[in-house]
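Q: Got a sequence here, can you build the structure:
(2 chains)
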Amino acid sequence: MSSPIIYCQQLNHVYSGNVALSNVTFELDAGEPIGLVGPNGAGKTTLLSILTGFLHPTSGIVRLFGQLPGATQLIGKVSALPQDAKLDPSFTIIEQLVFYARLQGLTTQQASLEAGRVLEEVSLKEAAHEKPQVLSHGMAKRVAIAQAMIGKPALILLDEPTAGLDPVNVRTVRTIIAEQSTATTFIISSHDLAELDRLCQHILLLENGILKPEKISIHEQQAATRFITLQMEIAPAPEVIAKLQALEGVLQVTNPQKNEFIVEYDFDLQPQMDLQLMQCINTHHWQYRQLSHGKTLEEKLFFRG
Amino acid sequence: MHPGFFNHLLLISQFELKRGFATRRGILSLLTFAVVWCVILLYPLRFTADLLVQEKGIMQGSGFFDFIGLGSIQQWPIAEFGVFWHFALLIFPVLSITLAADQTCSDRERGTLRFIVLRSSRDSIFFGRFMGVMVIQALLISASALSTFALVLYRDAALFSSAIPDLLVVTVNLILAVLPFTAMMAALSAKVKSARQATVWAILIWTFLAGIISGFAYYLPALAFFKFLIPGYQLSGLAELSGWKTLQLAYIPLLQSLVLLALGRWIMAREAL
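A: Reported below is the predicted structural model:
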């Protein structure tokens, strides 16, 4: 059994009398990207800052690969995209990336190649000799992601990697994470639940500095009771609920948002519920937009019960 | 395999040198320094040195330099270095406070320090930046001392061999003199948010420290010992000395620097980035 890449035990942090983290305890193993979600002020950035060694916890134990955060043994192994951090405006992007690569132990020549490689990954090689202040918000974010990938670290902590990005850049970031996730474990803090839904297999939920006890799994392959989320075009909600409720195996139908229905059903009784739903929609000449297995991440996290 | 502490020190201080000599801001500061120093060299310094050399007998008899508090200038065998010594003891500590004010503060506020601390220890950053700023100041001091040396040779090329010891004495002493000021700025920079704040705090702390300690020492002479804590405490004593005798007080800036660097390191280790 391999040891966890992140180990936190009874982690507490207090900012001038305000509790930012309270008894946070968890372990994470290497693997698929892990999401970190929670409302504003929940403690996500504080937790990531502690893991990267930017901040010292008030109390508790933190280990990354068995080392204290900020330990020199973690250089090149752990990297991060800190929220709102900017590069030095006095130097060009390539000068700074080469400097960072040199600090990670690469020779001057290796560092130049590596800086070029990571800029290529984020499609910004043409901006290599620019100063950071000429970059747009999206480009600056991609450069910050590029610095996190120097030396192919085993663990990358991303704090709001897609915040403020346009859809094209969001897609670029998503592709980068998906491509790198075979060799690197990503911890992604984000408010973009649809994005996390696409990328992550597990989610950690922080609320008011308290980590919710269970890791939320995106997939529910083992459960007997399962869910299907149905997004309809304009449809009469009471009639849809009544007709769906009447189907064999359906336990409950809810209508959490306009034109969105969540069907809870018994998988053992009706393993092909998706086909049954399609037939029902066809019979009643309704128009549907999307049918997906499971609940949306938003439903799982914030509207459980 | 990541490089060790000393390798990081070297890389970080090299990067600071690049900031000092190869960035637009650095080059502008250097140009400003060069212009100011040129004016000092060509006018007050050359004029006073000429006065000392040409009118030596008259001035000594009248006690003019004693009267204006620069009597020790006459003890220097090379007049230019005597004058340079007095100017430099004023200029370089003040320059140090401005030049060394932004060792870590603006990088911390901008978040740039986070990128660096992912790849290096806080100790390497703190001492690497300090080393870089010290090397830049050492180069500026050496350049200004060499320009004074050139002025001496311009007056009398035969003074070449006798001026070299003075050149070394002033260079070594001035580097020692700016050491505690740079260490004080390193410690302040690790705490405050901007270079301007660091400069203001340096002036306030220095003034209050000097005022309070002197005030207490007046009533309780035993407290005069604490004057050793004030960066630049030895400067007035230094101005009275000449030649290698100036190194008699070298222990004061060295001890002050050790204390201030230890304090700065402690602050740097505790601060959130």
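Q: So chain A: which segments form each domain?
A: Annotated domains of chain A cover A:6-217, A:225-302 [automatic domain parsing].
Q: Go through the ones you listed and pick out the most buried.
A: domain A:6-217 (a mean of 19; mean count of other C-beta atoms under 10 Å in any protein chain shown). Every residue, glycine included, has its C-beta placed from N, CA and C.
Q: Now the closest residue to chain B within the stretch 101-250 of chain A. Nearest residue, chain neighbours left out?
A: Proximity of the stretch 101-250 of chain A to chain B (C-beta to the nearest C-beta) peaks at A:L103, 3.8 Å away. Nearest residue to A:L103 in three dimensions, chain neighbours excluded: B:R119, at 3.8 Å (C-beta to C-beta, 6 or more residues apart in numbering or on different chains).
Q: What parts of the stretch 101-250 of chain A come near chain B?
A: Proximity of the stretch 101-250 of chain A to chain B (C-beta under 8 Å from any C-beta of the partner chain) is limited to residues A:102-105, A:144, A:147.
Q: If we use 6 Å, what do you get?
A: Counting by C-beta under 6 Å from any C-beta of the partner chain, the stretch 101-250 of chain A comes close to chain B at A:102-105, A:147.
Q: so which pair among these is furthest apart in space?
A: For those, the farthest-apart pair by C-beta to C-beta is A:G105 and A:Q147; their separation is 15.5 Å.
Q: Format the residues of the stretch 101-250 of chain A next to chain B as a markdown table; extra columns: pLDDT, secondary structure and distance to B:T112.
A: Below are those laid out as a markdown table (pLDDT from 0 to 100; DSSP: H, G, I helix; E, B strand; the rest coil; distance: C-beta to C-beta, whole Å):
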| residue | pLDDT | secondary structure | distance to B:T112 |
| --- | --- | --- | --- |
| A:R102 | 96 | helix | 16 |
| A:L103 | 96 | helix | 13 |
| A:Q104 | 95 | coil | 16 |
| A:G105 | 94 | coil | 20 |
| A:Q147 | 96 | helix | 10 |
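Q: so can I have a markdown table of those showing distance to A:A80?
A: Formatted as a markdown table, these follow (distance: C-beta to C-beta, whole Å):
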| residue | distance to A:A80 |
| --- | --- |
| A:R102 | 19 |
| A:L103 | 14 |
| A:Q104 | 13 |
| A:G105 | 18 |
| A:Q147 | 9 |
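Q: ok, so of these, who is nearest A:L205?
A: Of those, the one sitting nearest to A:L205 (C-beta to C-beta) turns out to be A:Q147, at 28.4 Å.
Q: who are the neighbours in contact with that closest one?
A: Shown in contact with A:Q147 (C-beta atoms under 6 Å, 6 or more residues apart in numbering or on different chains): A:100, B:115.
Q: That one and A:K125, how far apart?
A: 14 Å (C-beta to C-beta, to the nearest Å).
Q: Tell me the span between the first and last residue of stretch A:241-256.
A: Start-to-end span of stretch A:241-256 (C-alpha to C-alpha, to the nearest Å) is 12 Å.
Q: hang on, the earlier thing: isn't the residue of the stretch 101-250 of chain A closest to chain B right up against B:S121?
A: No - contact criterion C-beta atoms under 6 Å: A:L103 and B:S121 do not qualify, at 10.3 Å.
Q: Going by proximity to chain B, name the top residue of the stretch 1-150 of chain A.
A: At 2.9 Å from chain B, A:A85 is the closest residue in the stretch 1-150 of chain A, using C-beta to the nearest C-beta.
Q: Stretch A:6-24 close to chain B?
A: No - Stretch A:6-24 does not reach chain B (C-beta under 6 Å from any C-beta); its nearest approach is 9.1 Å.
Q: Show me where the stretch 151-300 of chain A has its helices.
A: In the stretch 151-300 of chain A, helices defined by DSSP state H, counting those that start in this stretch lie at A:167-180, A:193-199, A:237-245, A:273-283, A:297-302, listed in chain order.
Q: Quick one, which of those helices gets closest to A:A42.
A: Comparison of the helices of the stretch 151-300 of chain A against A:A42 by C-beta to C-beta identifies helix A:297-302 as nearest, at 11.4 Å.
Q: For chain A, what's the nearest residue on chain B?
A: B:G111 (2.9 Å).
Q: Check what pLDDT the residue nearest to that residue when sequence neighbours are not counted gets.
A: Excluding the flanking residues, the one nearest B:G111 by C-beta to C-beta, 6+ apart is A:A85, at 2.9 Å. At A:A85, the model reports a pLDDT of 92.
Q: Which residue is the nearest non-sequential neighbour of A:V170?
A: A:T162 (4.7 Å).
Q: As PDB, could you dump the C-alpha coordinates of stretch B:10-27?
A: Written as PDB, here are the backbone C-alpha positions of stretch B:10-27 (Å, rounded to 0.1, in the frame of the first residue of the first chain):
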ATOM      1  CA  LEU B  10      24.100  32.000  -6.100                       C
ATOM      2  CA  LEU B  11      21.200  31.800  -8.600                       C
ATOM      3  CA  ILE B  12      19.000  34.200  -6.600                       C
ATOM      4  CA  SER B  13      21.800  36.800  -6.100                       C
ATOM      5  CA  GLN B  14      22.700  36.500  -9.900                       C
ATOM      6  CA  PHE B  15      19.100  37.300 -10.700                       C
ATOM      7  CA  GLU B  16      19.300  40.300  -8.400                       C
ATOM      8  CA  LEU B  17      22.400  41.500 -10.300                       C
ATOM      9  CA  LYS B  18      20.500  41.100 -13.500                       C
ATOM     10  CA  ARG B  19      17.800  43.300 -12.000                       C
ATOM     11  CA  GLY B  20      20.300  45.900 -11.000                       C
ATOM     12  CA  PHE B  21      22.300  46.000 -14.200                       C
ATOM     13  CA  ALA B  22      20.200  44.600 -17.000                       C
ATOM     14  CA  THR B  23      16.600  45.900 -16.500                       C
ATOM     15  CA  ARG B  24      15.300  49.300 -17.600                       C
ATOM     16  CA  ARG B  25      14.700  50.300 -13.900                       C
ATOM     17  CA  GLY B  26      18.100  49.100 -12.900                       C
ATOM     18  CA  ILE B  27      19.900  51.000 -15.700                       C
END
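Q: hmm, back to that, is it possible to get JSON lines of the helices of the stretch 151-300 of chain A that adds distance to B:L41 and mean pLDDT?
A: Below are those laid out as JSON lines (distance: least, C-beta to C-beta, whole Å; pLDDT from 0 to 100):
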{"stretch": "helix A:167-180", "distance to B:L41": "55", "mean pLDDT": "87"}
{"stretch": "helix A:193-199", "distance to B:L41": "63", "mean pLDDT": "82"}
{"stretch": "helix A:237-245", "distance to B:L41": "87", "mean pLDDT": "89"}
{"stretch": "helix A:273-283", "distance to B:L41": "87", "mean pLDDT": "90"}
{"stretch": "helix A:297-302", "distance to B:L41": "70", "mean pLDDT": "72"}
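Q: Next, format the ones you listed as JSON lines and append distance to B:A217.
A: As requested, these are exported to JSON lines (distance: least, C-beta to C-beta, whole Å):
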{"stretch": "helix A:167-180", "distance to B:A217": "63"}
{"stretch": "helix A:193-199", "distance to B:A217": "65"}
{"stretch": "helix A:237-245", "distance to B:A217": "85"}
{"stretch": "helix A:273-283", "distance to B:A217": "88"}
{"stretch": "helix A:297-302", "distance to B:A217": "65"}
